[in-house]
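Novice: Test case, fold it:
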Amino acid sequence: MRLLLLMLGICIGIVVIVEKPAEAQNYPWCAQYSGDDGMNCGFTTFQQCLADVSGIGGFCTQNSTYRPPQVARPRARKTRSSLR
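Specialist: Next comes the predicted model:
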């Protein structure tokens, strides 16, 4: 029994250490629901947003705080200057 509890504790410790921290949602479309039901900015396409508000009321808007992911640009190659 002690061995089982020790193994369980080790597994939980590994998950806590390895798990990536949560990040805020960063999607381009928001659903604003009718009434006072709030807003959900978790949609990658306008069509997904429309499907979410369909039948329950609301509208879709672009997320004003959306920041597209940074695309890594290839690094410029350094050239050796010849010493003469």
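Novice: so where is this protein shaky, pLDDT-wise?
Specialist: The chain contains residues with pLDDT under 70 at 3-25, 79, 81-84.
Novice: which residues in it form strands?
Specialist: Per DSSP state E, the chain carries strands over the ranges 29-33, 39-43, 58-62.
Novice: and those strands as TSV, adding distance to residue 73?
Specialist: Any C-beta I mention is one placed from the backbone N, CA and C, and that applies to glycine too. Shown next, in TSV, are the strands of the chain (distance: least, CB to CB, whole Å):
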stretch	distance to residue 73
strand 29-33	27
strand 39-43	27
strand 58-62	26
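Novice: Tell me which of those sits most buried.
Specialist: Mean neighbour count (mean count of other CB atoms under 10 Å) peaks for strand 29-33 among those, with a mean of 19.
Novice: so what secondary structure elements neighbour that one?
Specialist: strand 39-43, helix 46-53, strand 58-62 (3 or more CB pairs under 8 Å, 6 or more residues apart in numbering; DSSP states H and E).
Novice: counting contacts, what elements does the last one pack onto?
Specialist: Counting contacts by 3+ CB pairs under 8 Å, 6+ apart, strand 58-62 packs against strand 29-33, helix 46-53.
Novice: circling back: so for residue 1, which of the strands of the chain sits nearest?
Specialist: strand 39-43 (43.4 Å; CB to CB).
Novice: Kindly provide the distance from residue 46 to residue 60.
Specialist: Using CB to CB, to the nearest Å, residue 46 is found at 6 Å from residue 60.
Novice: Could you do residue 42 as well?
Specialist: 12 Å.
Novice: With residue 50 instead?
Specialist: Taking CB to CB, one finds residue 50 at 6 Å from residue 60.
Novice: Reformat the helices and strands packed on strand 58-62 as a markdown table; add distance to residue 74.
Specialist: Supplementary listing: the helices and strands packed on strand 58-62 in a markdown table, determined by distance: least, CB to CB, whole Å:
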| stretch | distance to residue 74 |
| --- | --- |
| strand 29-33 | 30 |
| helix 46-53 | 32 |
